[in-house]
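J.: okay, predicted coordinates and the sequence, questions at the end:
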Amino acid sequence: MSERKRVLIVEGDEVTRRLLREGLARDYDVCASDTIAGAIEAVRRFRPDVMTLDGTLERGEEGSGEELELLRLARKARLRLKIIVVAPSGDRDLAVRAIELGACDCCVKPFDIDEFGVLVKRALRIQELEAAADAVPDRLSGVERLDSLAGTCEAMQDVFSSARKVAATEVGVLLVGERGTGRELIARGIHHLSRRSRGPFVAVDLRATPSEYLEAEVFGNGNGNGTFNGAEKMPGRIEQADGGTLFVVGVDELSQHLQARLSAFLQSGEIERKGPHDPIKADVRIIAAADDDLEEVVAEGGFREDLYYQLSVVTVTLPPLRERGEDIALLAEDLLERCASEHGRRLSGFTRSAVRAMMAHEWPGNIPELENRVKRAVVMSSGHRLTAADLGLDSETERRAQTLGEAKDALEHEIVVDALRRAAGNVSRAARSIGVSRSTVYDLIRKYEIDVTGFKSLARRKPREAGRSEGFDPSDSRPRAARGPGDLDSTEG
C-alpha cells in the first residue's frame with residue numbers, strides 16, 4: 001500500500017479551515033495552521049506534499065511583510081512543495097501574483113470541496129511528473145548535467161555513453177585527457193549512476209602529494225610508527241572510500257613498490273599492513289586518471305603491466321575544450337548565467353565578436369580557463385553583453401588566415417548558429433529571424449553538420465529565456481575565422 005500524501009492547510013478563516021480539513025482527510029494526512037509562523041514550523045516538521053495557502057492571511061499579521069511571503073520563501077528554498085493559493089472572491093490581482101510567484105494553482109472563495117480535491121490531485125500529479133523528469137536524466141544521462149559538465153558534440157556524447165555503460169559495472173576505468181577537461185566530474189557521474197552512489201566519493205591527486213607521503217596518503221598509516229608527527233593511526237584514501245569510489249589522479253606517480261601494493265589490493269580487496277596486524281578489508285572501486293595513455297609508460301617499463309590492465313578495463317578519453325565543436329558557446333552561456341546570478345548582474349549574453357573570439361582561442365587551460373575568463377568578465381564588464389575584450393580575448397589577432405570562400409562559409413555558419421541559438425533550436429523561428437525559408441535553414445544545418453539538440457537543451461534549462469542567449473551583435477558585421485572541427489565549446493566544472 002502506497003504512503004498517503006500529506007496536505008498542509010494554512011487558513012485564517014476557521015470555517016474554511018474546517019471545511020478543507022474534513023474534506024481532504026479522507027484521502028490525505030492533513031495538518032492545519034492559522035498563522036504563517038505555525039505554517040513554517042509545520043513545513044519543517046510535517047513535510048507536506050501540498051500546501052493550501054490563504055492569500056490574505058498575512059495582511060492581519062503584525063510585521064509579517066508583503067502578502068504571499070510564505071510563497072516567496074518556499075520558492076527561495078526551492079521546495080518541491082506544491083502550493084494552492086486560496087483567494088477571496090473577485091481578487092484577480094492576488095491570483096495573478098500567486099501564479100507569478102510559483103503557486104501551482106489558485107482557488108477563489110467560495111469553492112466546492114470536491115472541486116478543490118481535484119486541484120490537490122492535479123498538484124500531486126504535477127509533482128509526480130516533475131520528479132520523474134528529474135529522475136530520468138539523473139539515472140540515464142546524469143553525467144551530462146552533473147556539476148556543469150555538458151556537451152552535445154559527438155566526442156562528448158561518446159564519453160557520456162561510455163560512462164553510463166561502465167557505471168552499471170565494477171570494472172576498472174581509466175580516464176585519459178588534459179587537465180581541466182572534466183575527468184573528476186565524469187568520475188563523479190559514474191559514481192552517482194552506480195550501485196555505490198550512497199557510499200563516499202573520495203578524490204586524491206597524487207601529483208600534489210610529496211613522494212614521501214604517498215604511501216600513507218593512499219594506504220594509510222596503521223603501524224604506530226607515526227608517519228606524520230604525532231600520528232598513531234591514519235586511515236588512507238582507500239579506507240575512507242570503503243563502500244564507494246576512489247578517484248585517483250596521477251596514478252603514474254606511484255613508485256614500483258606502491259604500484260605493487262595497489263595491484264595486490266585490487267586482487268584481494270585487502271590492505272596489508274606492517275607488523276602483526278590483520279589486513280584491512282575495503283570494498284572500493286578505483287577510477288584512475290592520467291594526462292596521457294599509460295600504455296606507452298608500460299612499454300617503457302615505468303608502470304606495471306598487471307596494474308595497467310586492472311585499472312584500464314575501459315579507457316575513456318576526454319577531448320580538450322578546443323576539440324568540442326559547438327559546445328563552447330553552450331558552456332559559456334551556462335557559466336555566464338550562473339556567474340551573473342551569483343554576482344547579481346543582469347547580462348543578456350555574448351556579442352558576436354566574443355563568440356568568434358572564443359571559437360578562435362586554443363584554450364590551453366581548458367574549462368577552468370573559460371570559467372576564469374567568464375567570471376572575470378561578469379564582475380568587470382559594464383555592458384549588457386560580454387565582449388571579446390571583457391573576456392581578455394582579441395578576436396582580430398586570433399583570427400585564422402582564410403580564403404574568401406572560407407570567410408563566406410564561416411559567416412554563413414555563424415549567422416545560422418546564432419539564429420538557432422536565439423530561437424532555442426526552433427527552425428521556423430530561426431528562419432524568420434534571418435529572412436530565409438525553413439528548407440534553407442535545414443540545408444545549412446546539413447551543410448555545416450550543426451547539432452540542433454544542443455540549442456533545444458537551452459530552452460529546457462532556461463524556459464524564460466528562449467530567445468535570449470547568444471551574443472548576436474547587429475552592430476558587429478565583421479566575418480569570423482573559419483572553424484575546424486575543434487573550435488567551439490563544451491562544459492565542465
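T.: Alright, I've got the coordinates.

J.: for residue 315, name its beta-bridge partners.
T.: Judged by DSSP bridges, the bridge partners of residue 315 are residue 174.

J.: gap between it and residue 363?
T.: 23 Å (CB to CB, to the nearest Å). For the C-beta atoms, the positions are set from N, CA and C on the backbone; glycine is no exception.

J.: more neighbours, those two?
T.: Neighbour totals were compared for residue 315 and residue 363, and residue 363 leads with 23 against 17 (other CB atoms under 10 Å).

J.: give me the spatial nearest neighbour of that one, chain neighbours excluded.
T.: Nearest non-adjacent residue to residue 363, counting by CB to CB, 6 or more residues apart in numbering: residue 321, 4.2 Å away.

J.: what is the neighbour count of the residue nearest to residue 245 when sequence neighbours are not counted?
T.: Closest residue in space to residue 245, ignoring its immediate chain neighbours: residue 191 at 4.2 Å, by CB to CB, 6+ apart. Residue 191: 23 surrounding residues under other CB under 10 Å.

J.: next one: the one 10 residues further on
T.: Residue 201 is flanked by 18 other residues according to other CB under 10 Å.

J.: next up, phi/psi of it, please.
T.: Phi and psi for residue 201, reported as degrees, to the nearest 10, are phi -110, psi 120.

J.: how far away is the residue lying closest to it once chain neighbours are set aside from residue 383?
T.: Nearest residue to residue 201, sequence neighbours excluded (CB to CB, 6+ apart): residue 191, at 4.7 Å. As judged by CB to CB, residue 191 and residue 383 stand 41 Å apart.

J.: what of residue 338?
T.: Distance, residue 338 to residue 383, by CB to CB: 19 Å.

J.: okay, these two: which has more neighbours?
T.: residue 338 (16 against 10).

J.: helix or strand right after whichever helix or strand the more buried one is part of?
T.: Element membership for residue 338 (DSSP states H and E) is helix 327-342. Later in the chain than helix 327-342, the nearest helix or strand by DSSP H and E is helix 352-360.

J.: ok, then the element right after that following helix?
T.: Later in the chain than helix 352-360, the nearest helix or strand by DSSP H and E is helix 366-380.

J.: tell me the buried residues in that following helix?
T.: Using 16 or more other CB atoms under 10 Å as the test for burial, helix 366-380 gives 366, 367, 368, 370, 371, 373, 374, 375, 377, 378.

J.: now residue 290. Its backbone dihedrals?
T.: The phi/psi pair for residue 290 (degrees, to the nearest 10) reads phi -140, psi 150.

J.: and for it, the neighbour number?
T.: Counted with other CB under 10 Å, the neighbours of residue 290 add up to 22.

J.: any idea how far residue 434 is from the residue nearest to residue 201?
T.: Residue 191 sits 44 Å away from residue 434, going by CB to CB.

J.: residue 370 now?
T.: Noted for residue 370: a distance of 28 Å to residue 434, by CB to CB.

J.: one more: residue 22?
T.: Using CB to CB, residue 22 is found at 60 Å from residue 434.

J.: out of these two, which sits in the busier spot?
T.: Applying other CB under 10 Å to residue 22 and residue 434 shows that residue 434 carries more neighbours, namely 16 against 11.

J.: how about whatever helix or strand residue 259 lives in: buried residues?
T.: Using DSSP H and E, the element containing residue 259 is helix 256-268. Neighbour counts over helix 256-268 (16+ other CB under 10 Å) mark 258, 259, 261, 262, 263, 264, 265, 266 as buried.

J.: not counting sequence-adjacent ones, nearest residue to the fourth one?
T.: This means residue 262. residue 307 (6.2 Å).

J.: swap in the second one?
T.: Taking CB to CB, 6+ apart, and ignoring the residues beside it in sequence, residue 259 has residue 304 as its nearest neighbour in space, at 4.6 Å.

J.: any idea how the protein splits into domains?
T.: 6-137, 151-319, 327-465 (automatic domain parsing).

J.: is residue 32 in contact with residue 11, as I believe?
T.: Yes - if you go by CB atoms under 8 Å, residue 32 and residue 11 touch, sitting 6.9 Å apart.

J.: how about the helices in the stretch 351-493 of the chain?
T.: Assigned by DSSP state H, counting those that start in this stretch, the stretch 351-493 of the chain shows helices spanning 352-360, 366-380, 404-422, 427-434, 438-447, 453-461.

J.: which elements pack onto the second one?
T.: Meaning helix 366-380. helix 327-342 (3 or more CB pairs under 8 Å, 6 or more residues apart in numbering; DSSP states H and E).

J.: could you redo the last one with a cut-off of 10 Å?
T.: Counting contacts by 3 or more CB pairs under 10 Å, 6 or more residues apart in numbering; DSSP states H and E, helix 366-380 packs against helix 327-342, helix 352-360.

J.: check the third one too.
T.: Using 3+ CB pairs under 10 Å, 6+ apart, the elements in contact with helix 404-422 are helix 327-342, helix 352-360, helix 427-434, helix 438-447, helix 453-461.

J.: show residues contacting the shortest one.
T.: Contacts to helix 427-434, defined as CB atoms under 10 Å, 6 or more residues apart in numbering, come from residues 415-424, 426, 436-442, 444-445, 452, 455, 466-467, 472.

J.: narrow those to just the buried residues.
T.: Using 16+ other CB under 10 Å as the burial test, the contacts of helix 427-434 include 415-424, 426, 436, 441, 444-445, 452, 455, 466, 472 as buried.

J.: mind listing the strands in the stretch 151-300 of the chain by residue range?
T.: Ranges of strands in the stretch 151-300 of the chain, per DSSP state E, counting those that start in this stretch, are 173-176, 201-205, 245-249, 270-271, 280-281, 285-290.

J.: low-scoring stretches of this structure, by residue?
T.: Within the chain, the stretches with pLDDT under 70 are 1-2, 58-67, 75-79, 129-150, 222-233, 273-277, 395-407, 454-493.

J.: follow-up on the earlier one: any residues in contact with both of residue 32 and residue 11?
T.: Common neighbours of residue 32 and residue 11, counting by CB under 10 Å, 6+ apart, are 17, 18, 20, 21, 39, 52.

J.: that's all I had, so thanks and see you.
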